[in-house]
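S.K.: here are the coordinates; sequence isn't available:
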């Protein structure tokens, strides 16, 4: 569809801090402005806690006037890009560093109730009426709490902009309506649970706050946390909801991510094993589940060979020999040994395959009813994001996925 036939379109980009509009997508916004479209940049915070990267600016008077300077820089950036700009008015959370990670400052953007920040952005969306909204993915581009929160607020505002309650109803009316909706959802969930297992004991709770934070808190005393994926189909699986992404990375207990589509795999628990501590936690959960459900367990170990430089200067990979497979088998057998002894009733199958671990697990998930993967630790940056293999499997596996953490492995 050409520009001439549709007229100017409206693009909104939502960023966490001033300077993000210049370092993330500036060429895109400048192009659409040049083509005659309207572009609005929304900045959620004032960047008050920003770091000074340019040594020439690392001066006391700059630090003392950080907010005013960043506002001036933002105005200049908007002028250069040719975009409209609007502040959302929240306070920069800063990037917490240290082990353990220090708490976020009270009143910062990442801690503001989601309904409050969403309502503010919804007003901007309704006024500007964008055809497209652009923001960060659920990981924030990098795990800064304000970037992750910007994703959550943007998605929530996109979904809520058409809801008459948000920004129209009085706070008390909106709170009553939201609680009523929550009770309806919980009533349906309890009914479904009891229909599936009449002997199950249920308890419900409605909380006010950020969903991921509340679930992570509840996970401190839970044995298992179950969450849903973002939707059906491979494309929607890639777009895992931010709640699911954060919970699988942070929760103390194992987390199972379910699928909305039917599972046609055989009754088999698939466990990814790499010989490290995360694999032991995964094996502990996998063996316990297989024993309880009376199903077999498939332990999969994937390996790859480094490329070799040939006489012609080209890199190639040798076919794996007996020694390579024997070494891989030794890693797998050593990891399985304590769990075979503890769960002699479990029928264990082994799979030693060459290739990327994530793809090998995804292929095997077609023939499984549950995949178990281990994640790396908690706290700091290692706890903010799942490892690439775990993240890939959670997003794309064809059956439910359980994520365990080495930090919570109980040992033998």
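M.R.: Sure, I can see it. Nothing here was measured: the structure is a model prediction, and the numbers come from that model. Numbering: from 1, shown residues only.
S.K.: contacting residues for residue 293?
M.R.: Each residue near residue 293 by CB atoms under 8 Å, 6 or more residues apart in numbering is listed here: 267, 269. Using the backbone N, CA and C atoms, a C-beta is placed for each residue, glycine as well.
S.K.: Kindly report the same for residue 356.
M.R.: Per CB under 8 Å, 6+ apart, neighbours of residue 356: 302, 304.
S.K.: please redo it, this time with the cut-off set to 10 Å
M.R.: 302, 304, 362, 388, 389, 392 (CB atoms under 10 Å, 6 or more residues apart in numbering).
S.K.: export the residues you listed to a markdown table and tack on distance to residue 154?
M.R.: Converted to a markdown table, the contacts of residue 356 look like this (distance: CB to CB, whole Å):
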| residue | distance to residue 154 |
| --- | --- |
| 302 | 36 |
| 304 | 38 |
| 362 | 29 |
| 388 | 25 |
| 389 | 28 |
| 392 | 24 |
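S.K.: Buried members of those into PyMOL, please.
M.R.: The following PyMOL line selects those of the contacts of residue 356 that are buried, judged by 16 or more other CB atoms under 10 Å:
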select buried, resi 302+362+389+392
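S.K.: So which of the contacts of residue 356 are in strands?
M.R.: Counting by DSSP state E, the part of the contacts of residue 356 found in strands is residue 302.
S.K.: In a helix, residue 246, correct?
M.R.: Yes. With DSSP: H, G, I helix; E, B strand; the rest coil as the criterion, residue 246 is part of a helix.
S.K.: Hmm, residue 216 and it touching each other?
M.R.: Yes. Using CB atoms under 10 Å, residue 246 and residue 216 qualify as a contacting pair, with a distance of 7.2 Å.
S.K.: any shared contact partners between these two?
M.R.: Between them, residue 246 and residue 216 share these contacting residues under CB under 10 Å, 6+ apart: residue 210.
S.K.: what about the two, which has more around it?
M.R.: Neighbour count, other CB atoms under 10 Å: between residue 246 and residue 216, residue 246 has more, with 26 against 20.
S.K.: Check the spacing between the more buried one and residue 152 real quick.
M.R.: 9 Å (CB to CB, to the nearest Å).
S.K.: Kindly report the same for residue 10.
M.R.: 23 Å.
S.K.: Counting neighbours around each, name which of these two comes out higher.
M.R.: The neighbour comparison of residue 10 against residue 152 (other CB under 10 Å) goes to residue 152, with 24 against 16.
S.K.: Next secondary structure element downstream of the helix or strand where the more buried one lies?
M.R.: For residue 152, the host element (DSSP states H and E) is helix 145-160. The C-terminal neighbour of helix 145-160 among helices and strands, as given by DSSP H and E, is helix 171-196.
S.K.: From the contact counts, what lies against that following helix?
M.R.: Packing partners of helix 171-196 (3 or more CB pairs under 10 Å, 6 or more residues apart in numbering; DSSP states H and E): helix 114-128.
S.K.: Looking at the helix it packs on now, give me its mean pLDDT.
M.R.: For helix 114-128, the mean per-residue pLDDT is 90.
S.K.: so what strands line up beside whichever helix or strand comes after it?
M.R.: Where DSSP H and E defines the elements, the next helix or strand beyond helix 114-128 is strand 132-134. Applying DSSP bridges, strand 132-134 is found paired with strand 10-15 (parallel).
S.K.: quick one on the thing from earlier: counting contacts, what elements does the helix holding residue 152 pack onto?
M.R.: Contacts defined by 3+ CB pairs under 10 Å, 6+ apart place helix 145-160 against strand 10-15, helix 20-23, strand 38-45, strand 84-90, helix 114-128, strand 132-134, helix 211-219, helix 242-250.
S.K.: Residue 186: neighbouring residues, count only.
M.R.: Neighbours of residue 186 (other CB under 10 Å): 15.
S.K.: Name the nearest residue to it, ignoring sequence neighbours.
M.R.: Spatial nearest neighbour of residue 186, excluding adjacent residues (CB to CB, 6 or more residues apart in numbering): residue 204 at 4.4 Å.
S.K.: A strand includes the one you found, no?
M.R.: No. Checked against three-state DSSP, residue 204 lies outside a strand; its state is coil.
S.K.: ok so, going back, quick one: which of the contacts of residue 356 is nearest residue 400?
M.R.: Distance to residue 400 across the contacts of residue 356 (CB to CB) is lowest for residue 362, with 13.6 Å.
S.K.: which stretches of the stretch 251-400 of the chain form helices?
M.R.: Along the stretch 251-400 of the chain, counting by DSSP state H, counting those that start in this stretch, helices occupy 277-293, 322-342, 357-365, 380-384, 388-396.
S.K.: and the fourth one, average pLDDT?
M.R.: Meaning helix 380-384. Per-region confidence: helix 380-384 scores 36 on mean pLDDT.
S.K.: And the longest one, by the same measure?
M.R.: The average pLDDT within helix 322-342 is 87.
S.K.: For that helix, which outside residues touch it?
M.R.: By CB under 10 Å, 6+ apart, helix 322-342 touches 271, 273-276, 279-280, 282-284, 286-288, 290-291, 297, 299-305, 318, 320, 346, 348, 350-354, 411-412.
S.K.: Counting neighbours, what do you get for residue 396?
M.R.: Around residue 396 there are 17 residues (other CB under 10 Å).
S.K.: Against residue 403, how distant is it?
M.R.: In terms of CB to CB, residue 396 sits 14 Å off from residue 403.
S.K.: Many thanks, have a good one.
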